[in-house]
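Peer 1: Kindly return the folded structure for what I paste below:
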Amino acid sequence: MSNNKFFGAHVSVAGGVFNAPLAAIELGAKSFALFTKNQKRWDAKPFDTKTLDLWFKNLELSGVLPKHILPHDSYLINLGNPEEEKLIKSRNAFIDELERCDILGLDRLNFHPGSHLQKFGKKVENRDELIDEAELQCLEVIAESINIALDKTKNVKAVIENTAGQGTNLGYKFEHLAYIIDKVEDKSRIGVCIDTCHMFTAGYDIRTREAYDKTWADFDKIVGREFLMGMHINDSKPDLGARVDRHESLGLGKIGIDAFDFIANDNRMDDIPLVLETPNTDIWKEEIAKLNSFCK
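Peer 2: From the prediction side, this is the model:
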């Protein structure tokens, strides 16, 4: 079995962040994701000494390396917000999240790029250009937000997650990710997390060998495989191109199990966190074992 794949899950931090590594041990996980604060609140208390001591002790116990941990920022943050007051609040919260990761000794922070909060024109699905005007303006603001945050922090990489393209969320096209990366000044601190459900419902097929190879060849060409710093491993309730974000357990959704076999044997995904966010937490241990069994 390959030792280069690090499968895990997004674990709970109930009771304190120091419980996350223990939850990973229970699952037999070699990677994990977590929120470093309540993801539905703006504010958070600073970490106290006891919390940090327990975090580092439990992390060592788990054997999971910092590079195989994919923290996720607050859902409230919108780095492309068109309203200045809300944008400043989001930028400050994002800086705080990067600093919290640094305190925990983690080297990457996963985030959703942002939303422009305006309605697209009716012909958006049929347009020829890859990025329309509303998207372009928002992507510029997102890139500026990232540059500001990276300038005020150190060590931690900003890892953009692709989206399903629900509502006015950006990041559903590889071109969006590439545009942001191009505008980020410090390329050593920017990366991408690909969510398989989001990828699929945004219109990128990975169900067959041929479709999988084409989609990832496009990713390599448009974004660049060197920027892949994590993945969310999810099947999808909605159909290909539905632009709706609803995860399903592996093999029970519209993607099917073969795509996850392909991922387990794709060297693009070596040595990065590969994290389940599937809905049935009771079978995470089995899903991780299944993914490991695919590794040839």
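
Peer 1: give me phi/psi at residue 32?
Peer 2: Backbone torsions for residue 32, taken as degrees, to the nearest 10, come to phi -160, psi 160.

Peer 1: how close does it sit to residue 112?
Peer 2: 19 Å (CB to CB, to the nearest Å). Every C-beta, even on glycine, is put in place using the N, C-alpha and C of the backbone.

Peer 1: More neighbours: which of the two?
Peer 2: residue 32 (26 against 23; other CB atoms under 10 Å).

Peer 1: Could you double-check that that one lies in contact with residue 9?
Peer 2: Yes: Residue 32 lies in contact with residue 9 (CB atoms under 8 Å); the separation is 6.3 Å.

Peer 1: quick one: common contacting residues for the two?
Peer 2: Common contacts of residue 32 and residue 9 (CB atoms under 8 Å, 6 or more residues apart in numbering): 24, 275.

Peer 1: Residues contacting stretch 161-171, please?
Peer 2: 80, 110-120, 134-135, 138-139, 142, 160, 172-174, 176-177, 192-195, 197-199, 201-202, 232, 242-245.

Peer 1: Among those residues, which lie within strands?
Peer 2: Per DSSP state E, strands hold the following members of these: 110-111, 160, 192-195, 232.

Peer 1: then the helix or strand of the chain with the lowest mean pLDDT to PDB, C-alphas only?
Peer 2: Taking mean pLDDT, DSSP states H and E as the measure, the chain has helix 133-151 as its least confident helix or strand, at a mean of 93. The C-alpha atoms that make up helix 133-151 are tabulated as PDB, following Å, rounded to 0.1, in the frame of the first residue of the first chain:
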ATOM      1  CA  GLU A 133     -17.300  41.800 -15.200                       C
ATOM      2  CA  ALA A 134     -18.900  41.300 -11.700                       C
ATOM      3  CA  GLU A 135     -16.700  38.300 -11.200                       C
ATOM      4  CA  LEU A 136     -13.600  40.100 -12.300                       C
ATOM      5  CA  GLN A 137     -14.100  43.000  -9.900                       C
ATOM      6  CA  CYS A 138     -14.700  40.600  -7.000                       C
ATOM      7  CA  LEU A 139     -11.600  38.500  -7.900                       C
ATOM      8  CA  GLU A 140      -9.500  41.600  -7.800                       C
ATOM      9  CA  VAL A 141     -10.800  42.400  -4.300                       C
ATOM     10  CA  ILE A 142     -10.200  38.900  -3.100                       C
ATOM     11  CA  ALA A 143      -6.600  39.000  -4.400                       C
ATOM     12  CA  GLU A 144      -6.100  42.300  -2.700                       C
ATOM     13  CA  SER A 145      -7.500  40.900   0.500                       C
ATOM     14  CA  ILE A 146      -5.100  37.900   0.400                       C
ATOM     15  CA  ASN A 147      -2.100  40.200  -0.300                       C
ATOM     16  CA  ILE A 148      -3.000  42.400   2.700                       C
ATOM     17  CA  ALA A 149      -3.400  39.400   5.000                       C
ATOM     18  CA  LEU A 150      -0.200  37.700   3.800                       C
ATOM     19  CA  ASP A 151       1.700  41.000   4.300                       C
END
